[in-house]
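*Asks:* Output the structure for:
(2 chains)
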Amino acid sequence: MNKVFKEAFKTSIPILLGYLSIGFAFGIMIESIGLNAIWAGLMSLTIYGGTLQYLAVDFFKSGLGFINVAIMSFLVNFRHLVYGLSLLQKYKGINPLKKFYMIFALTDETYALVTSPNLPENIKEEEAENYYFFISILDQLYWIIGSIIGATFGALMNINTKGVSFAMIALFCVLCTEQWENRKENKIPVILGGVCAICSLLLFGANNMIIPSIVALIIILLLKKKLDDEKIPLNQEGSVTNE
Amino acid sequence: MNKYTLIQGIIACAIMVLVTIFVRGFPFAFFSRKGKEPNKVVLYLGDVLPPAMMALLLVYCLKDIFVIKYPYGIPEIICVLVAIVLHKLKRNTFLSISVSTILYMFFVQVVFV
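*Replies:* The predicted model follows:
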(Lines give C-alpha, C1' and ligand atoms only; values in the text may rest on other atoms or scores of the structure.)
Protein backbone atom coordinates (compact mmCIF):
# COMPACT_ATOMS: atom_id res chain seq x y z
CA MET A 1 0.00 0.00 0.00
CA ASN A 2 2.77 2.31 1.03
CA LYS A 3 4.62 1.71 -2.22
CA VAL A 4 1.50 2.39 -4.28
CA PHE A 5 0.91 5.60 -2.38
CA LYS A 6 4.51 6.73 -2.93
CA GLU A 7 4.27 6.08 -6.66
CA ALA A 8 0.97 7.95 -6.85
CA PHE A 9 2.54 10.86 -5.04
CA LYS A 10 5.51 10.95 -7.40
CA THR A 11 3.26 10.92 -10.42
CA SER A 12 1.14 13.73 -9.02
CA ILE A 13 3.97 16.19 -8.34
CA PRO A 14 3.38 18.29 -11.48
CA ILE A 15 -0.25 18.59 -10.41
CA LEU A 16 0.90 19.57 -6.91
CA LEU A 17 2.62 22.63 -8.32
CA GLY A 18 -0.16 23.47 -10.78
CA TYR A 19 -3.09 23.07 -8.42
CA LEU A 20 -1.39 24.86 -5.53
CA SER A 21 -0.86 27.92 -7.70
CA ILE A 22 -4.17 27.95 -9.55
CA GLY A 23 -5.98 27.07 -6.30
CA PHE A 24 -4.10 29.91 -4.61
CA ALA A 25 -5.32 32.38 -7.24
CA PHE A 26 -8.85 31.06 -6.78
CA GLY A 27 -8.58 31.59 -3.03
CA ILE A 28 -7.42 35.15 -3.55
CA MET A 29 -10.33 35.86 -5.89
CA ILE A 30 -12.82 34.36 -3.44
CA GLU A 31 -11.49 36.58 -0.70
CA SER A 32 -11.64 39.62 -2.96
CA ILE A 33 -15.41 39.30 -3.40
CA GLY A 34 -15.95 39.21 0.35
CA LEU A 35 -16.11 35.47 0.95
CA ASN A 36 -13.60 33.64 3.12
CA ALA A 37 -11.31 30.63 3.29
CA ILE A 38 -14.18 28.45 4.47
CA TRP A 39 -16.11 29.18 1.26
CA ALA A 40 -12.96 28.55 -0.77
CA GLY A 41 -12.23 25.26 0.96
CA LEU A 42 -15.78 23.98 0.82
CA MET A 43 -16.19 24.89 -2.83
CA SER A 44 -12.97 23.12 -3.67
CA LEU A 45 -14.12 20.13 -1.67
CA THR A 46 -17.59 19.80 -3.15
CA ILE A 47 -17.43 21.29 -6.65
CA TYR A 48 -13.83 20.44 -7.47
CA GLY A 49 -13.58 21.99 -10.90
CA GLY A 50 -11.05 24.74 -11.63
CA THR A 51 -12.77 26.32 -14.60
CA LEU A 52 -16.20 26.18 -12.99
CA GLN A 53 -14.91 27.54 -9.68
CA TYR A 54 -13.23 30.45 -11.42
CA LEU A 55 -16.52 31.14 -13.21
CA ALA A 56 -18.31 30.83 -9.86
CA VAL A 57 -16.47 33.94 -8.67
CA ASP A 58 -18.04 35.74 -11.61
CA PHE A 59 -21.46 34.23 -10.83
CA PHE A 60 -21.26 35.67 -7.32
CA LYS A 61 -20.04 39.02 -8.54
CA SER A 62 -22.84 39.45 -11.06
CA GLY A 63 -25.58 37.62 -9.15
CA LEU A 64 -26.14 35.31 -12.10
CA GLY A 65 -29.55 33.60 -12.28
CA PHE A 66 -29.71 29.97 -11.20
CA ILE A 67 -30.79 28.59 -14.56
CA ASN A 68 -27.77 30.19 -16.19
CA VAL A 69 -25.55 28.81 -13.43
CA ALA A 70 -26.86 25.32 -14.18
CA ILE A 71 -26.37 25.72 -17.93
CA MET A 72 -22.83 27.04 -17.57
CA SER A 73 -21.94 24.27 -15.12
CA PHE A 74 -23.22 21.67 -17.53
CA LEU A 75 -21.40 23.01 -20.55
CA VAL A 76 -18.13 23.76 -18.82
CA ASN A 77 -18.00 20.23 -17.45
CA PHE A 78 -19.42 18.47 -20.50
CA ARG A 79 -16.00 17.26 -21.49
CA HIS A 80 -15.87 15.32 -18.23
CA LEU A 81 -18.82 13.33 -19.46
CA VAL A 82 -16.70 12.25 -22.39
CA TYR A 83 -13.82 11.42 -20.05
CA GLY A 84 -16.19 9.10 -18.22
CA LEU A 85 -17.09 7.41 -21.48
CA SER A 86 -13.46 6.59 -22.13
CA LEU A 87 -12.92 5.28 -18.60
CA LEU A 88 -15.85 2.85 -18.53
CA GLN A 89 -13.55 -0.13 -19.03
CA LYS A 90 -10.72 1.04 -16.81
CA TYR A 91 -12.92 1.72 -13.81
CA LYS A 92 -15.01 -1.44 -14.18
CA GLY A 93 -15.33 -3.59 -11.07
CA ILE A 94 -13.91 -1.11 -8.60
CA ASN A 95 -15.49 -1.05 -5.13
CA PRO A 96 -18.54 1.27 -5.44
CA LEU A 97 -17.52 3.79 -2.79
CA LYS A 98 -14.03 4.23 -4.25
CA LYS A 99 -15.49 4.31 -7.74
CA PHE A 100 -17.98 7.01 -6.82
CA TYR A 101 -15.18 9.18 -5.48
CA MET A 102 -12.91 8.55 -8.45
CA ILE A 103 -15.69 9.51 -10.85
CA PHE A 104 -16.51 12.62 -8.80
CA ALA A 105 -12.84 13.61 -8.82
CA LEU A 106 -12.43 13.45 -12.60
CA THR A 107 -10.75 16.70 -13.52
CA ASP A 108 -8.73 17.32 -16.68
CA GLU A 109 -5.43 16.80 -14.93
CA THR A 110 -6.46 13.70 -12.98
CA TYR A 111 -7.90 12.28 -16.18
CA ALA A 112 -4.61 12.92 -17.96
CA LEU A 113 -2.67 11.09 -15.24
CA VAL A 114 -5.08 8.18 -15.06
CA THR A 115 -5.09 7.64 -18.81
CA SER A 116 -1.36 7.96 -19.29
CA PRO A 117 -0.36 4.76 -21.07
CA ASN A 118 2.30 3.38 -18.74
CA LEU A 119 1.97 2.35 -15.13
CA PRO A 120 5.16 2.90 -13.12
CA GLU A 121 7.44 -0.16 -13.28
CA ASN A 122 6.84 -1.44 -9.79
CA ILE A 123 3.05 -1.17 -9.86
CA LYS A 124 1.27 -4.39 -10.71
CA GLU A 125 -2.03 -4.56 -12.57
CA GLU A 126 -4.04 -5.39 -9.44
CA GLU A 127 -2.57 -2.39 -7.66
CA ALA A 128 -3.58 0.02 -10.44
CA GLU A 129 -6.96 0.67 -8.83
CA ASN A 130 -5.41 2.01 -5.64
CA TYR A 131 -2.80 3.89 -7.64
CA TYR A 132 -5.52 5.80 -9.51
CA PHE A 133 -7.46 6.26 -6.30
CA PHE A 134 -4.49 7.83 -4.50
CA ILE A 135 -3.75 10.06 -7.47
CA SER A 136 -7.36 11.31 -7.41
CA ILE A 137 -7.26 12.03 -3.67
CA LEU A 138 -3.87 13.72 -3.73
CA ASP A 139 -4.86 15.98 -6.63
CA GLN A 140 -7.95 17.18 -4.82
CA LEU A 141 -5.98 17.68 -1.61
CA TYR A 142 -3.55 20.00 -3.42
CA TRP A 143 -6.47 21.94 -4.89
CA ILE A 144 -8.23 22.38 -1.53
CA ILE A 145 -5.02 23.37 0.26
CA GLY A 146 -4.13 25.88 -2.47
CA SER A 147 -7.59 27.50 -2.25
CA ILE A 148 -7.50 27.80 1.53
CA ILE A 149 -3.98 29.21 1.58
CA GLY A 150 -4.91 31.71 -1.13
CA ALA A 151 -8.01 32.94 0.65
CA THR A 152 -6.17 33.17 3.97
CA PHE A 153 -3.24 34.98 2.40
CA GLY A 154 -5.63 37.41 0.72
CA ALA A 155 -7.33 38.16 4.02
CA LEU A 156 -4.13 38.56 6.03
CA MET A 157 -2.04 40.49 3.59
CA ASN A 158 -4.63 43.18 2.96
CA ILE A 159 -3.04 43.87 -0.38
CA ASN A 160 -5.05 45.80 -2.87
CA THR A 161 -6.54 42.96 -4.85
CA LYS A 162 -8.19 45.13 -7.45
CA GLY A 163 -7.88 43.42 -10.80
CA VAL A 164 -7.08 39.96 -9.43
CA SER A 165 -10.11 38.45 -11.09
CA PHE A 166 -8.30 38.97 -14.37
CA ALA A 167 -6.77 35.60 -13.45
CA MET A 168 -9.94 33.99 -14.72
CA ILE A 169 -9.65 35.77 -18.06
CA ALA A 170 -6.00 34.76 -18.17
CA LEU A 171 -6.94 31.14 -17.46
CA PHE A 172 -9.33 31.11 -20.40
CA CYS A 173 -6.72 32.72 -22.63
CA VAL A 174 -4.38 29.89 -21.67
CA LEU A 175 -6.98 27.14 -22.13
CA CYS A 176 -8.08 28.62 -25.45
CA THR A 177 -4.49 28.80 -26.70
CA GLU A 178 -3.93 25.19 -25.59
CA GLN A 179 -7.02 24.05 -27.47
CA TRP A 180 -5.96 25.99 -30.56
CA GLU A 181 -2.44 24.56 -30.52
CA ASN A 182 -3.50 21.06 -29.54
CA ARG A 183 -4.63 19.86 -32.92
CA LYS A 184 -5.55 21.26 -36.27
CA GLU A 185 -9.17 20.06 -36.03
CA ASN A 186 -9.69 22.31 -33.03
CA LYS A 187 -9.20 25.54 -34.91
CA ILE A 188 -12.61 25.69 -36.55
CA PRO A 189 -14.54 24.94 -33.32
CA VAL A 190 -12.55 27.64 -31.53
CA ILE A 191 -13.46 30.16 -34.21
CA LEU A 192 -17.11 29.07 -34.24
CA GLY A 193 -17.32 29.39 -30.48
CA GLY A 194 -15.80 32.85 -30.51
CA VAL A 195 -18.00 34.08 -33.35
CA CYS A 196 -21.24 32.78 -31.81
CA ALA A 197 -20.33 34.40 -28.52
CA ILE A 198 -19.44 37.76 -30.02
CA CYS A 199 -22.59 37.89 -32.18
CA SER A 200 -24.73 36.94 -29.23
CA LEU A 201 -23.06 39.59 -27.08
CA LEU A 202 -23.72 42.27 -29.68
CA LEU A 203 -27.32 41.20 -30.31
CA PHE A 204 -28.49 40.34 -26.81
CA GLY A 205 -26.21 42.27 -24.47
CA ALA A 206 -23.92 41.10 -21.70
CA ASN A 207 -26.59 39.77 -19.38
CA ASN A 208 -28.40 37.59 -21.90
CA MET A 209 -25.67 36.35 -24.15
CA ILE A 210 -25.15 32.88 -22.70
CA ILE A 211 -28.16 30.93 -23.89
CA PRO A 212 -28.36 32.29 -27.45
CA SER A 213 -24.64 31.80 -28.02
CA ILE A 214 -24.74 28.21 -26.82
CA VAL A 215 -27.89 27.34 -28.76
CA ALA A 216 -26.42 28.87 -31.91
CA LEU A 217 -23.09 27.13 -31.32
CA ILE A 218 -24.61 23.69 -30.89
CA ILE A 219 -26.84 24.10 -33.94
CA ILE A 220 -23.89 25.20 -36.05
CA LEU A 221 -21.68 22.37 -34.75
CA LEU A 222 -24.36 19.79 -35.53
CA LEU A 223 -24.84 21.30 -39.00
CA LYS A 224 -21.10 21.08 -39.52
CA LYS A 225 -21.21 17.41 -38.58
CA LYS A 226 -23.96 16.80 -41.10
CA LEU A 227 -21.95 18.52 -43.81
CA ASP A 228 -18.80 16.62 -42.91
CA ASP A 229 -20.67 13.31 -42.85
CA GLU A 230 -22.20 13.86 -46.25
CA LYS A 231 -18.72 14.67 -47.58
CA ILE A 232 -19.79 17.51 -49.81
CA PRO A 233 -17.03 17.87 -52.43
CA LEU A 234 -14.81 20.94 -52.55
CA ASN A 235 -15.80 23.91 -54.65
CA GLN A 236 -19.49 23.15 -54.74
CA GLU A 237 -20.92 26.66 -54.68
CA GLY A 238 -17.46 27.73 -53.60
CA SER A 239 -18.46 28.07 -49.99
CA VAL A 240 -18.05 24.67 -48.41
CA THR A 241 -14.67 23.23 -47.51
CA ASN A 242 -13.52 20.18 -45.62
CA GLU A 243 -10.64 20.57 -43.14
CA MET B 1 -18.46 42.77 -4.32
CA ASN B 2 -20.91 39.92 -4.17
CA LYS B 3 -24.47 40.06 -5.34
CA TYR B 4 -25.78 36.86 -3.77
CA THR B 5 -27.30 36.66 -0.32
CA LEU B 6 -25.95 33.83 1.84
CA ILE B 7 -28.81 31.53 0.87
CA GLN B 8 -28.49 32.36 -2.82
CA GLY B 9 -24.76 31.68 -2.65
CA ILE B 10 -25.38 28.29 -1.08
CA ILE B 11 -28.01 27.44 -3.67
CA ALA B 12 -25.71 28.45 -6.52
CA CYS B 13 -22.96 26.23 -5.11
CA ALA B 14 -25.40 23.37 -4.63
CA ILE B 15 -26.43 23.68 -8.27
CA MET B 16 -22.80 23.58 -9.38
CA VAL B 17 -22.12 20.53 -7.21
CA LEU B 18 -25.14 18.60 -8.46
CA VAL B 19 -24.62 19.42 -12.13
CA THR B 20 -20.94 18.50 -11.89
CA ILE B 21 -21.68 15.15 -10.26
CA PHE B 22 -24.41 14.49 -12.80
CA VAL B 23 -22.18 15.28 -15.76
CA ARG B 24 -19.24 13.24 -14.49
CA GLY B 25 -21.35 10.30 -13.34
CA PHE B 26 -23.70 10.09 -16.30
CA PRO B 27 -21.65 7.76 -18.52
CA PHE B 28 -21.14 5.31 -15.67
CA ALA B 29 -24.80 5.30 -14.74
CA PHE B 30 -26.19 5.25 -18.23
CA PHE B 31 -23.79 3.31 -20.37
CA SER B 32 -22.83 0.50 -18.01
CA ARG B 33 -25.84 -1.50 -18.99
CA LYS B 34 -25.06 -4.02 -21.69
CA GLY B 35 -25.75 -3.16 -25.28
CA LYS B 36 -25.83 0.62 -24.92
CA GLU B 37 -23.15 2.14 -27.07
CA PRO B 38 -22.28 5.80 -26.59
CA ASN B 39 -24.21 7.89 -29.10
CA LYS B 40 -22.16 9.24 -32.03
CA VAL B 41 -23.53 12.74 -31.52
CA VAL B 42 -22.43 12.76 -27.87
CA LEU B 43 -18.95 11.66 -28.89
CA TYR B 44 -18.79 14.29 -31.61
CA LEU B 45 -19.90 17.06 -29.26
CA GLY B 46 -17.44 15.85 -26.65
CA ASP B 47 -14.79 16.29 -29.29
CA VAL B 48 -15.69 19.74 -30.61
CA LEU B 49 -17.34 21.37 -27.59
CA PRO B 50 -14.20 21.80 -25.44
CA PRO B 51 -12.34 24.01 -27.93
CA ALA B 52 -15.51 25.89 -28.90
CA MET B 53 -16.52 26.41 -25.28
CA MET B 54 -13.13 27.83 -24.37
CA ALA B 55 -13.48 30.52 -26.99
CA LEU B 56 -17.07 31.18 -25.90
CA LEU B 57 -16.02 31.42 -22.26
CA LEU B 58 -13.23 33.82 -23.14
CA VAL B 59 -15.70 36.17 -24.80
CA TYR B 60 -18.11 35.62 -21.90
CA CYS B 61 -15.65 36.78 -19.28
CA LEU B 62 -14.79 39.85 -21.34
CA LYS B 63 -18.45 40.75 -21.82
CA ASP B 64 -18.50 43.62 -19.35
CA ILE B 65 -15.61 45.55 -20.80
CA PHE B 66 -16.72 49.07 -21.46
CA VAL B 67 -15.04 50.03 -24.68
CA ILE B 68 -16.75 53.41 -24.66
CA LYS B 69 -15.72 54.56 -21.20
CA TYR B 70 -12.18 55.21 -20.03
CA PRO B 71 -9.89 53.22 -20.10
CA TYR B 72 -11.63 51.82 -23.17
CA GLY B 73 -10.75 48.22 -22.44
CA ILE B 74 -7.07 48.89 -23.13
CA PRO B 75 -5.67 47.08 -20.04
CA GLU B 76 -7.81 44.05 -20.87
CA ILE B 77 -6.79 43.95 -24.51
CA ILE B 78 -3.10 44.31 -23.70
CA CYS B 79 -3.13 41.68 -20.96
CA VAL B 80 -5.15 39.21 -23.02
CA LEU B 81 -2.55 39.54 -25.77
CA VAL B 82 0.27 39.14 -23.24
CA ALA B 83 -1.34 35.98 -21.86
CA ILE B 84 -1.87 34.43 -25.29
CA VAL B 85 1.55 35.30 -26.72
CA LEU B 86 3.39 34.26 -23.55
CA HIS B 87 1.54 30.99 -23.53
CA LYS B 88 2.22 30.31 -27.19
CA LEU B 89 5.92 30.88 -26.52
CA LYS B 90 6.46 29.15 -23.19
CA ARG B 91 3.41 26.87 -22.73
CA ASN B 92 3.65 27.42 -18.98
CA THR B 93 0.21 27.89 -17.41
CA PHE B 94 1.43 29.36 -14.14
CA LEU B 95 3.71 31.83 -15.91
CA SER B 96 1.09 33.00 -18.41
CA ILE B 97 -1.59 33.53 -15.77
CA SER B 98 0.59 35.18 -13.15
CA VAL B 99 2.43 37.57 -15.48
CA SER B 100 -0.69 38.77 -17.29
CA THR B 101 -2.71 39.08 -14.07
CA ILE B 102 -0.02 41.00 -12.19
CA LEU B 103 0.42 43.27 -15.19
CA TYR B 104 -3.34 43.86 -15.25
CA MET B 105 -3.43 44.64 -11.54
CA PHE B 106 -0.58 47.07 -12.07
CA PHE B 107 -2.50 48.74 -14.90
CA VAL B 108 -5.76 49.18 -13.01
CA GLN B 109 -4.16 50.17 -9.72
CA VAL B 110 -1.33 52.40 -10.89
CA VAL B 111 -1.45 53.35 -14.54
CA PHE B 112 -5.03 53.78 -15.58
CA VAL B 113 -6.44 55.18 -12.37
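
*Asks:* residue closest to the middle of the chain?
*Replies:* With no chain named, the answer covers chain A. When Cα atoms, centre = their mean is applied to chain A, the residue found nearest the centroid is residue A:51 (4.6 Å).

*Asks:* and the helix or strand hosting residue A:112, average pLDDT?
*Replies:* Assigned by DSSP states H and E, residue A:112 falls within helix A:108-114. Taken as a whole, helix A:108-114 has a mean pLDDT of 81.

*Asks:* contacts for that helix?
*Replies:* Residues from elsewhere that reach helix A:108-114, judged by Cβ atoms under 8 Å, 6 or more residues apart in numbering or on different chains: A:11-12, A:15, A:18-19, A:50, A:79-80, A:83, A:87, A:90, A:132, A:135-136, A:139. Just so you know, the C-beta spots here come from the backbone N, C-alpha and C atoms, and that holds for glycine as well.

*Asks:* how about that helix: buried residues?
*Replies:* In terms of neighbour count (16 or more other Cβ atoms under 10 Å in any protein chain shown), helix A:108-114 has its buried residues at A:109, A:110, A:111, A:113, A:114.

*Asks:* Isn't the residue nearest to the centre of chain A up against residue A:76?
*Replies:* Yes - counting by Cβ atoms under 8 Å, residue A:51 does reach residue A:76; the two are 5.3 Å apart.

*Asks:* any common contacting residues for these two?
*Replies:* Contacts common to residue A:51 and residue A:76, judged by Cβ under 8 Å, 6+ apart, are residue B:57.

*Asks:* what's the worst-scoring helix or strand of chain B on mean pLDDT packed up against?
*Replies:* Least confident helix or strand, chain B: helix B:40-61 with a mean of 81, by mean pLDDT, DSSP states H and E. The criterion is 3 or more Cβ pairs under 8 Å, 6 or more residues apart in numbering or on different chains; DSSP states H and E, and the helices and strands that helix B:40-61 contacts are helix A:50-62, helix A:66-87, helix A:166-182, helix A:187-204, helix A:210-230.

*Asks:* Just the angle for it relative to helix A:187-204, thanks.
*Replies:* Using axes from the mean of the first three to the mean of the last three Cα atoms, to 10 degrees, the inter-axis angle of helix B:40-61 relative to helix A:187-204 is 50 degrees.

*Asks:* Thanks again, I'm all set now.
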